[in-house]
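Engineer: this one's structure only:
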């Protein structure tokens, strides 16, 4: 991520957390409170450390820091990311709900809305799946 983009994300309220192993940063994940939800933003794990629990540990730690429903958006083609979040208790929302949520909580182009999905945690569905 270019430094200028990172700066803008931090200015927009994204808080980043990292996971270090042997003094090396091997994973990062950001969260952003928007309205009444928390968004998972910019989740990355070095390829050499994927499948070793790094992303899961970051996700568990960040979810413990909020009492809000948690949403995350990703590309529909990113099936590995979708499987990761489903493994950690997230579920896909309906296509109609996805469009509404992406317009309400994210600032992304229409084309990205068309090619994305949104996953929500149990907190979201416990509230009736809407806000």
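Structural biologist: Yep, that arrived. Bear in mind that the values here come from a model prediction, so they are computed numbers and not experimental data. Numbering: from 1, shown residues only.
Engineer: ok, the residue nearest the centre of the chain - contacts?
Structural biologist: Residue closest to the mean C-alpha point of the chain, counted by C-alpha atoms, centre = their mean, is residue 40 at 2.5 Å. If you count contacts by C-beta atoms under 8 Å, 6 or more residues apart in numbering, residue 40 has them with 29, 30, 31, 59, 62, 70, 71, 72. Placement of C-beta: from N, CA and C, glycine included.
Engineer: nearest to residue 104 among these?
Structural biologist: Out of the contacts of residue 40, the one with the shortest distance to residue 104 is residue 71. That distance is 9.8 Å, counting by C-beta to C-beta.
Engineer: the closest one contacts residue 124, doesn't it?
Structural biologist: Yes: in this structure residue 71 lies within contact range of residue 124 using C-beta atoms under 8 Å: 6.4 Å.
Engineer: find residues that contact each of the two.
Structural biologist: When contacts are counted by C-beta under 8 Å, 6+ apart, residue 71 and residue 124 are jointly contacted by residue 37.
Engineer: show the end-to-end separation of stretch 10-26, please.
Structural biologist: The first and final residues of stretch 10-26 sit 20 Å from each other (C-alpha to C-alpha, to the nearest Å).
Engineer: repeat for stretch 83-103
Structural biologist: For stretch 83-103, the first and last residues are 24 Å from each other (C-alpha to C-alpha).
Engineer: average pLDDT for stretch 49-57?
Structural biologist: Confidence over stretch 49-57 (mean pLDDT, whole number) is 93.
Engineer: now do the helices in the chain.
Structural biologist: Assigned by DSSP state H, the chain shows helices spanning 3-11, 54-63, 79-87, 95-105, 110-114, 122-126.
Engineer: and the ones you listed: which comes nearest residue 18?
Structural biologist: So among the helices of the chain, helix 54-63 is nearest, using C-beta to C-beta, at 8.1 Å.
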